[in-house]
Structures are given as C-alpha cells and as structure tokens.
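Participant: Fold the following for me, if possible:
(one chain, ligands or ions: 1)
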Amino acid sequence: MSKENEEKLNVTVKSNTKDLFAFTKLLPNRKKRIERASSEPLREDPITDLARKLHPKRQFLVIDEVKEETKSTRTFKLVPDPDSETKELAYFRPGHYISLKVDLEGVRITRPYSIASSPKDALKGFYELTIRKEENGFLTHFIWDKWKVGTKVESSGPEGFFYFEGLRDLTQIVGIAGGSGITPFRSMAKAIIDGTIDAKLTLLYGSSEEDDIIYYDEFKEMEKIYPSKIKIIHVLSCDVVTQEGCEKGFITKEIIEKYCDANSSTFFICGPQIMYNFVEEELKKFNLPVKRIRREAFGEVKDILAHPDFPKEVAEKVFKIKIHIGDMTKDIPAIATESVLIALERANLNPPSKCRSGECGFCRSLLIDGKVYINPVSDWRKAGDKKFNYFHPCASYPITNLEINIPRDL
Ligand code: FES
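Facilitator: Alright, predicted model coming up:
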C-alpha cells in the first residue's frame, strides 16, 4: 500500500472510531440533559410556532379593496381581519393557492384560487386574488353580488405544488396560461422582479378576445422595466386583433419555438382543460423529460361528460350514498355527473377539502361499497390508498349506489 493510501486509511479509521465513540455517549448525554432540564413546561416552542405561521389551518380575512380588471374579472385585496385571531398572513411560494370557505345559502363550500400577489406582499399584510365570473359558476355569481370592501372571508393556508423550485427546475421558465390561469404567473413575475425567485419568465398567454386579457398594462410595464427577466406574448384566438405584437390562433409548437428555447426551459401550464388538451399535444413534439412540464391542477373538472371514458349510460342517473361520519349515518342523493364532494356539500356534510382536483388528499375517504368513476388525470391517490379502497370525493363520480366513510372537518 502506498504511503498516501495508508494515510487515507488512517484518517478513515480514526474518524469511524470517533463516530462509534460519539454514538456510545449519545444516550448518557441525553439522560444528563433531561436530568438538568427544568420541570416547567415550555411556554414557547419556536418550531411549532413557525409551522403554525406557515401552515395555518384557517385564515380570517377581510376585503380591503376591489379592482375591476376586465368586464368579467375582479381583483380582491385581502388583509387579516382585525377582529380575528389572524394577525399576519402566511408566507407562500408563488404559484400556491388558498382555498376559500364560503357559506352559500346555508351550504358551506370551498374553492381554490391562486394567489396573484407576491410572497413579499404577504409580509406587507395582503394577498390578492383575481377571480373571473363564470357563466354557470354559482360561487362566482355570489362573489360578484356580495363581496364588497369590508366583507369577511375565511380561507385555508397556502397550498399546492405548482411552484418554481430552484433545485429541480431550469431558471428559464416558460409559462403557458389561458384565461384566469394567468394569476399564478403574476405572482411568479412579481417574485422574479423583487428577487424572491432567481429565474426568467417568458409567458405565452392565450385569450379568446382582447377584452378578456387580464393584467395587460401591468405585464407590459413589467416587461418594459425588466426586459431581461419578463417577456409576455399574447396569443388571441379571435378573428380581429388590434393590439400590436400579438399572435393569432393557439399556442402551437411553432409559437413556442418562436419565443423560447424549449430544451433549456421548464414549462408551467395553468388554464382551462381545453387548453391543456391542446398544449400538451404540442409540447409532446419536443420530447421533453416529464419533470420539465409542470401543471396546475386548477380545481374541479368542469364537464365530466367530456371525458371519453366516463360511462355515458349513467349520465342522467341519481344514486344514493350511505355516509358514515363519526358515529352518524345518513343517506343522501348524488347526481352521476357531479363529484361525490358536491353531493356531500349539497347535504351539508363537508369533509375537509382544499384543491378540489384530487391532488391535496384532504378529502380522502373510504369507499366501503359501490363504484366511482375517477378521472385518470385527477387520480393522485397513493398506491396503498388504491389497494385499500380510499378515494378522493372531489375527483370521483358515483356510477352506482355507494357506501362511504368520510372524515370530519375539525
Ligand atoms: S380536496 Fe384535495 S384531494 Fe380532494
């Protein structure tokens, strides 16, 4: 053995012996520390305190400002409700959402909305949510009618997986947004500008009409001041386009290639299902690794009948669900084309829920008997859950009578 290798071996042996020796001291040292410790219980626990601040179960907010963005879109500025236990807002990652808890005609429902402001704004004391009024969305109509400055709003803490992670993602972000799917990208853009995220954003933003474009001036301004960090390209599907520099049509491979180097970018997609269907086919043409395309789940499926493998023969049916919750049992009706979660909410039985897209697992329940249709895109269950018949009511549709056990919302 060479002298150099001998020395290396000596160092290794010595440090291994040191480790072993330290290990034998572990227990006695711990005992000594316990003996020396005060018998007074800890009044403050900084770690638990931090965890509570970052992941509060509930946040009590009040509307501080309402801004019209487009004819069908408003931005609500939310601050902590001074009459509540919420003294500061939870910090978050750009792309996170909060789940609103709203009492609507005696029924409590939840809806996830991406936070459109930046994490630094949360430290200053506000979140912004930009909400589009949906033609058939009963909650958004309620929000339009009722939400004014001073209205109190309850939400979850920030949640979700749709965020830039420097250890995983390339620093060139290509955002592909449709309609109100632009909201998480506004948060990302602001965070890039204020230095929270070290990345660049090229945003391909699809809208059907010029009037539907959200944050038009704001993004143009950001692009003008920070041209090396933010770039936005509007892609309009309408026939008449008057704005300069807009693309017409849809977000195709050709448009992506024109503005981005796909091979050195990470893609983030957020928008309506129809846009995912189209864009994902276009992105397939680049043969990118799976990890380079990130999708926002973005709430419940709007039209389950549009899913090719949904059993159409049950579409008109109303089934019965036997619910077990704690020691209570109840029968409720459930429409085949509505998720089990909606049936539970209609019956005022609200299991915990946040994402409403099968992703977070908060509504996880046990299917005791019967069959549900689970949209494969929203099936985020663990293998163990699949094996033992657990399911997510927000992403499951009754296709027979059911018997289920649901958790309580504590
Ligand atoms: S609410 Fe998130 S999985 Fe059902």
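
Participant: Kindly provide the distance from N277 to S357.
Facilitator: 16 Å (CB to CB, to the nearest Å). Heads up, the C-betas are built off the backbone N, CA and C, glycines and all.

Participant: between those two, which one's more packed in?
Facilitator: Higher neighbour count among N277 and S357: S357, with 21 against 11, using other CB atoms under 10 Å.

Participant: thought that one was touching K302?
Facilitator: No: S357 is not in contact with K302 according to CB atoms under 8 Å; the separation is 11.3 Å.

Participant: For I173, list the residues it contacts.
Facilitator: I173 makes contact with 164, 188, 199-202, 265-268, according to CB atoms under 8 Å, 6 or more residues apart in numbering.

Participant: repeat that with 10 Å
Facilitator: If you count contacts by CB atoms under 10 Å, 6 or more residues apart in numbering, I173 has them with 164, 185, 188-189, 192, 197, 199-203, 260, 265-268, 294.

Participant: How about the secondary structure of it?
Facilitator: Put simply, I173 is strand when judged by DSSP: H, G, I helix; E, B strand; the rest coil.

Participant: Residues in a beta bridge with it, which ones?
Facilitator: Beta bridges link I173 to L201, T266, judged by DSSP bridges.

Participant: quick one: it and A122, what's the gap?
Facilitator: Taken as CB to CB, the span from I173 to A122 is 21 Å.

Participant: mind showing which ranges of this protein have poor pLDDT?
Facilitator: 1-14, 298, 410 (pLDDT under 70).

Participant: Now do the contacts for the residue sitting nearest the centre point of it.
Facilitator: Centroid-nearest residue in the chain: G160, 3.4 Å away (criterion: CA atoms, centre = their mean). Applying CB under 10 Å, 6+ apart, we find G160 in contact with 92-93, 95-99, 112, 114-115, 184, 296-298, 354-355, 357, 359-360.

Participant: backbone phi and psi for V102, please?
Facilitator: The phi/psi pair for V102 (degrees, to the nearest 10) reads phi -120, psi 140.

Participant: Counting neighbours, show which residues of stretch 48-61 come out buried.
Facilitator: 56, 59-61 (16 or more other CB atoms under 10 Å).

Participant: In strands, which of the residues you listed appear?
Facilitator: With strands defined by DSSP state E, the entries of those inside them are 59-61.

Participant: Just give me the closest of these to the ligand.
Facilitator: The shortest gap between the ligand and any of these belongs to Q59, at 17.3 Å (CB to the nearest ligand atom).

Participant: what separates that closest one from T86, distance-wise?
Facilitator: From Q59 to T86 the distance is 5 Å (CB to CB).

Participant: same question, S353
Facilitator: 20 Å.

Participant: pretty sure I342 is touching I321, no?
Facilitator: No: taking contacts as CB atoms under 10 Å, I342 lies outside contact range of I321: 11.4 Å.

Participant: higher neighbour count, the two?
Facilitator: I321 (23 against 19).

Participant: Need phi/psi at that one.
Facilitator: Torsion angles, degrees, to the nearest 10, at I321: phi -120, psi 130.

Participant: show me what contacts the nearest residue to it once chain neighbours are set aside?
Facilitator: Closest residue to I321 apart from its sequence neighbours, by CB to CB, 6 or more residues apart in numbering: L402 at 4.5 Å. Counting by CB under 10 Å, 6+ apart, L402 makes contact with 319-323, 332, 334, 340, 343, 367-372, 391, 393, 396.

Participant: Which among these count as buried?
Facilitator: Among these, those scoring as buried are 319, 321-323, 332, 334, 340, 343, 367, 370-372, 391, 393, 396 (criterion: 16+ other CB under 10 Å).

Participant: Return the member of those nearest to D19.
Facilitator: F391 (46.8 Å; CB to CB).
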